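> using only what follows, build the 3D model:
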Amino acid sequence: MLQLGRTRQIFALIALVALGACGGSDDSTAPSQTTGPLSIVITGNSTNQTAAAGSKLPYPISVSVVNSSASPQSGVAITWEVLGSGGTLSSTNTVTDANGLSFVDWTLGNVAGTDSVRASIGSGSSVIFTAKATKVAGSVVGN
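Prediction:
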């Protein structure tokens, strides 16, 4: 009888160790597992957009963050920066979602010409978006 009780104790201990090894982070903002350096890539309808000066672009500008195996990375902080007088953004700091994507709305500057925005991640990888702000009656051309 003593032998059977000891066997159950050993089995219970092994089960507890196995369950403990299955743990993980329940912090949904923690970055995904990375393999090698991260890269930021322009996605969606983000490029070659045009809108009237002072207007919001028709589509949000978006990026994806991937590792060296091209796997999307969630929980990565993105810094968005308007270059020059290129308008305003809906946010200057975002985090990639479960699919490794992040986006912002961009309202172009009030002067017709080419506007630019930089999106970057902590590793130093960055991309630059450009969009054309068209002249509105009575507006100034320049940028």
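
> residues contacting the residue nearest to residue 61 when sequence neighbours are not counted?
Counting by CB to CB, 6 or more residues apart in numbering, the nearest residue to residue 61 once its immediate chain neighbours are dropped is residue 46, at 4.3 Å. C-betas here are computed from N, CA, C, even on glycine. Neighbouring residues of residue 46 by CB atoms under 8 Å, 6 or more residues apart in numbering: 59-63, 129.

> next one: residue 43
Counting by CB under 8 Å, 6+ apart, residue 43 has contacts 62-64, 101.

> which one of those residues is nearest to residue 93?
residue 63 (13.0 Å; CB to CB).

> got the contact list for that closest one?
40-43, 46, 78, 96, 101-103, 119, 127 are the contacts of residue 63 under CB under 8 Å, 6+ apart.

> which of those residues are buried?
40, 43, 46, 78, 96, 101-103, 119, 127 (16 or more other CB atoms under 10 Å).

> from the residues you listed, which two are the most distant?
Once CB to CB is applied, the buried ones among the contacts of residue 63 give 46 and 96 as the farthest pair, at 14.8 Å.

> hang on, the earlier thing: what's the closest of the buried ones among the contacts of residue 63 to residue 134?
Nearest to residue 134 among the buried ones among the contacts of residue 63, with distances taken as CB to CB, is residue 46, at 18.0 Å.

> from the middle of its chain, how far away would stretch 110-127 be?
14 Å (CA atoms, centre = their mean, to the nearest Å).

> any idea of the mean pLDDT in that stretch?
The average pLDDT for stretch 110-127 rounds to 95.

> and it, how far apart are its ends?
23 Å (CA to CA, to the nearest Å).

> pLDDT weak spots in the protein?
Within the chain, the ranges that satisfy pLDDT under 70 run 1-35, 137-143.

> now do the helices in it.
Secondary structure of the chain (DSSP state H): helices located at 2-21.

> who does residue 80 bridge with?
Following DSSP bridges, residue 80 is listed with bridge partners residue 119.

> mind listing what it touches?
Contacts of residue 80 by CB under 8 Å, 6+ apart are 89, 91-94, 104, 117-119.

> could you dump those residues into TSV and include distance to residue 135?
TSV is the format used below for the contacts of residue 80 (distance: CB to CB, whole Å):
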residue	distance to residue 135
89	22
91	28
92	27
93	32
94	31
104	25
117	20
118	25
119	27
